[in-house]
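Colleague: need the 3D shape of this:
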Amino acid sequence: FFRPSLTLARVMFAPRPWLRGQALCAMAVRRFATASGSGAARTAFLYHADFLQHQTGAGHFECPERLTTILDQLRSDGLWPRLLHHSPRLADRSTVQLVHDPDYVHTVEEDIEKGRYYLSTGDTILSPGTWKAALRAAGAAADAVDLVLGGQARNAFCAVRPPGHHATPARGMGFCVFNNIAVAARYAQRHHGVEKVLIVDWDYHHGNGTQDAFYEDPSVLQFHTHEYGAYPGTGHPLERGEGAAEGRVLNFPVPRGTGDAEYLRLYEDKLVPAARQFQPDLLLVSAGYDAHVEDPLGTMGLTDNGFAGLARLLLRIAAEHCDGRLIMFLEGGYAVHAQARSVSATLKAMLEAGSSTGAQR
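Modeller: Numbering: from 1, shown residues only. Predicted coordinates for the structure are as follows:
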């Protein structure tokens, strides 16, 4: 089965015991800011029109309409004015290279400049607007971390494209260019002193890029649910991490047709105790909605309510272990209206979690 190789990024960002005191001090400052800041009970929504300029061509599943339909749904459901809207920055190279090899970043830029239709490392379509869109998506990852750990928001949702969880440190693939959630984890550790990050991936497809980025890093606990055998063919239960990180990768392939009740039971039985043992400082979620029963590429049975239930469970974990600090990143999801409804249901749960916490204060 698939076994990720050691990468320069994992060596560079291995846990360093001498940072522990600095990290604890920083975490204490942030907890005070989160508890006292007026924006701490709000849900941030990160989006930019540059994401629409990543053009994949007529008929492609990973299309700009995935985002515009979400925006329309949020307005229709009355959630738009309740969100803390944030226009993300363009990430600089140093931020992207917290995860990705410099040679790969150069390859992406060069492929786009040469007008190539496909990224030379994998099956990801490129267009003239892809470079800015990908940098903006990575910038959203960094900005979301700043907002949540800085106390301006309780939690955050990054409505970005291209998606990221298939991008390894040295290779883009599966519609992905840069691994946005991995950038967020490394950025939180480097710039905010966060020690332990929990990454949950509920996408229909296994997040091989995220797994590869942290496969030998005990500071990151990964929890993946997906259909095993589907693209990209990774995510076997025996892929558990290596070295000091053995047991830090938890893969749970689920059978076709798995629905709301089965998903929630799996997360309750497996993720909740794992999180309790790990005690994360930050919870990041690869929110792929292609496990929806209506998705044309997936074969799962989740509904809008099922995704809302998963969101509430993760928000509960975040409240218990990391003062509610949770950030979601849009990954897959190709039934655009079903995805939009499910994102709206997810954001409603996030808003309710922030409001109830704020009321208690």
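Colleague: tell me how many other residues surround residue 116.
Modeller: The number of residues packed near residue 116 is 12, by other Cβ atoms under 10 Å. (Each C-beta comes from the backbone N, C-alpha and C, glycine too.)
Colleague: contact partners for residue 68?
Modeller: Residue 68 is in contact with residue 52, counting by Cβ atoms under 8 Å, 6 or more residues apart in numbering.
Colleague: what helix or strand is it located in?
Modeller: helix 65-76 (DSSP states H and E).
Colleague: that helix: which residues count as buried?
Modeller: 66, 67, 69, 70, 72, 73, 74 (16 or more other Cβ atoms under 10 Å).
Colleague: give me the pLDDT for residue 69.
Modeller: We note a pLDDT of 99 for residue 69 in this prediction.
Colleague: hmm, it is touching residue 340, no?
Modeller: Yes: the criterion here is Cβ atoms under 8 Å, and residue 69 meets it with residue 340 at 4.4 Å.
Colleague: what helix or strand is residue 342 located in?
Modeller: Applying DSSP H and E, one finds residue 342 within helix 336-360.
Colleague: distance from the chain centre to that helix, please.
Modeller: Relative to its chain's centre, helix 336-360 lies at 16 Å (Cα atoms, centre = their mean, to the nearest Å).
Colleague: try stretch 81-99
Modeller: 13 Å.
Colleague: show me which positions of it end up buried.
Modeller: For stretch 81-99, by 16+ other Cβ under 10 Å, it's 82-84, 86, 88-91, 95-99.
Colleague: from those, which land in strands?
Modeller: Judged by DSSP state E, those include 84, 86 as members of strands.
Colleague: could you dump the buried residues of stretch 81-99 to JSON lines with pLDDT?
Modeller: Shown next, in JSON lines, are those (pLDDT from 0 to 100):
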{"residue": "82", "pLDDT": "98"}
{"residue": "83", "pLDDT": "98"}
{"residue": "84", "pLDDT": "98"}
{"residue": "86", "pLDDT": "98"}
{"residue": "88", "pLDDT": "99"}
{"residue": "89", "pLDDT": "99"}
{"residue": "90", "pLDDT": "99"}
{"residue": "91", "pLDDT": "99"}
{"residue": "95", "pLDDT": "99"}
{"residue": "96", "pLDDT": "99"}
{"residue": "97", "pLDDT": "99"}
{"residue": "98", "pLDDT": "99"}
{"residue": "99", "pLDDT": "99"}
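Colleague: quick one: buried residues of the helix holding residue 342?
Modeller: Buried residues in helix 336-360, defined by neighbour count with 16+ other Cβ under 10 Å: 336, 338-351, 353-354, 357.
Colleague: now for that helix, which elements pack on it?
Modeller: When contacts are defined as 3 or more Cβ pairs under 8 Å, 6 or more residues apart in numbering; DSSP states H and E, helix 336-360 packs onto strand 43-46, helix 65-76, strand 155-158, helix 304-321, strand 326-330.
Colleague: 7 Å instead, please
Modeller: Contacts defined by 3 or more Cβ pairs under 7 Å, 6 or more residues apart in numbering; DSSP states H and E place helix 336-360 against strand 43-46, helix 65-76, strand 155-158, helix 304-321.
Colleague: same list (these) but as a markdown table, adding distance to residue 176.
Modeller: Putting these into a markdown table (distance: least, Cβ to Cβ, whole Å) gives the following:
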| stretch | distance to residue 176 |
| --- | --- |
| strand 43-46 | 18 |
| helix 65-76 | 14 |
| strand 155-158 | 14 |
| helix 304-321 | 21 |
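Colleague: what's the closest of the ones you listed to residue 175?
Modeller: Residue 175 lies closest, by Cβ to Cβ, to one member of the helices and strands packed on helix 336-360: helix 65-76, at 10.6 Å.
Colleague: the closest one vs helix 336-360, what angle?
Modeller: 50 degrees (axes from the mean of the first three to the mean of the last three Cα atoms, to 10 degrees).
Colleague: alpha carbons only: can I get helix 65-76 in CSV?
Modeller: Output of helix 65-76 as CSV, limited to C-alpha atoms (Å, rounded to 0.1, in the frame of the first residue of the first chain):
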residue,chain,number,x,y,z
GLU,A,65,-20.1,27.7,-10.1
ARG,A,66,-19.2,25.7,-7.0
LEU,A,67,-18.5,28.9,-5.2
THR,A,68,-21.1,31.3,-6.8
THR,A,69,-23.9,28.8,-5.9
ILE,A,70,-22.7,28.8,-2.3
LEU,A,71,-22.8,32.6,-2.2
ASP,A,72,-26.3,32.6,-3.5
GLN,A,73,-27.4,30.0,-1.0
LEU,A,74,-26.0,31.9,1.9
ARG,A,75,-27.8,35.0,0.9
SER,A,76,-31.1,33.1,0.3
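Colleague: what's the pLDDT at residue 61?
Modeller: pLDDT recorded at residue 61 is 98.
Colleague: please name the nearest non-neighbouring residue to it.
Modeller: Counting by Cβ to Cβ, 6 or more residues apart in numbering, residue 61 lies nearest to residue 334, which is 4.1 Å off, once chain neighbours are set aside.
Colleague: that neighbour falls within a strand, correct?
Modeller: No: applying DSSP: H, G, I helix; E, B strand; the rest coil, one finds residue 334 to be coil, outside a strand.
Colleague: for it, what are its contacts?
Modeller: Counting by Cβ atoms under 7 Å, 6 or more residues apart in numbering, residue 334 makes contact with 61, 290, 295, 296, 297.
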